[in-house]
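Dropping a prediction and its sequence here:
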Amino acid sequence: MDVAERAAAAQHRLPKTKNENMVLTKEELISLLQNEVRILLHLASKVDRNQLDYRPTPKQRSTIELLRYMTIMGPNLIPAIKTGTFDGAAFGASQAAANAMNFDQVLAAIEKPSAYYAQELGSMPDADFRGEIDMFGRKASRGSHIVFLALCGFAAYRTQLFLYLKACGRDELNTMNLWGGADGPMQG
């Protein structure tokens, strides 16, 4: 399910609010997105290069395709949410560039958005996060769109990557790898 499909599927489930209070500070949101990048890099480091073409079913993305998508998802969503307009041509160009990347290039590209999130979101006035936009057929605040599409998207896709790794025999991976981005025993 891509970004637009996730947004459309959840349109009716997310409350619309006129409340001026923020649930997350700008700094917390940036930190959470940067943590998602860190966890994704940790999980990507567990990929066996001989299994980059693994896909659970013929219609699902392969491991390398999933990682390539992760290089462009957040960096393309943030400007779309800031402006309230999704640029399909820019997304397509980003996707074509990502599709040409090898695994090492993908790893380097996954790391880049960490500073980008700090710059792009850090420069947004708080009022802009509360401004309502219509994105993918769903009216909500920019902040809500960032959390739902980017932050939740990261969590969903890194979980998918984790499941791919487990299916490829990485039995030593556990909840610490998925949610903490670290090797180690699960905390009891």
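Here it is on my side, so go on. Numbering: from 1, shown residues only.

just the helices in the protein please.
3-10, 26-44, 63-83, 88-99, 103-111, 113-122, 126-130, 142-145, 152-167, 175 (DSSP state H).

what packs against the longest one?
Helix 63-83 is packed against helix 26-44, helix 88-99, helix 103-111, helix 113-122, strand 132-135, helix 142-145, helix 152-167, with contacts defined by 3 or more Cβ pairs under 8 Å, 6 or more residues apart in numbering; DSSP states H and E. Where C-beta positions appear, they are placed from N, C-alpha and C, glycine not excepted.

now the fifth one
Taking 3+ Cβ pairs under 8 Å, 6+ apart as contact, the helices and strands that helix 103-111 lies on are helix 26-44, helix 63-83.

between the last one and helix 152-167, how many degrees?
Translated: helix 63-83. 170 degrees (axes from the mean of the first three to the mean of the last three Cα atoms, to 10 degrees).

what is the orientation angle of helix 63-83 with helix 26-44?
For helix 63-83 against helix 26-44, the angle by the same axes, to 10 degrees is 170 degrees.

Show me what counts as buried in helix 63-83.
For helix 63-83, a neighbour-count test (16 or more other Cβ atoms under 10 Å) marks 63-64, 66-78, 80-82 as buried.

ok, back up a step: Serialize the helices and strands packed on helix 63-83 to JSON lines and add fields for distance to Tyr54 and mean neighbour count.
As requested, those are exported to JSON lines (distance: least, Cβ to Cβ, whole Å; neighbours: other Cβ atoms under 10 Å):
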{"stretch": "helix 26-44", "distance to Tyr54": "14", "mean neighbour count": "18"}
{"stretch": "helix 88-99", "distance to Tyr54": "17", "mean neighbour count": "14"}
{"stretch": "helix 103-111", "distance to Tyr54": "13", "mean neighbour count": "15"}
{"stretch": "helix 113-122", "distance to Tyr54": "25", "mean neighbour count": "17"}
{"stretch": "strand 132-135", "distance to Tyr54": "32", "mean neighbour count": "17"}
{"stretch": "helix 142-145", "distance to Tyr54": "32", "mean neighbour count": "23"}
{"stretch": "helix 152-167", "distance to Tyr54": "6", "mean neighbour count": "18"}
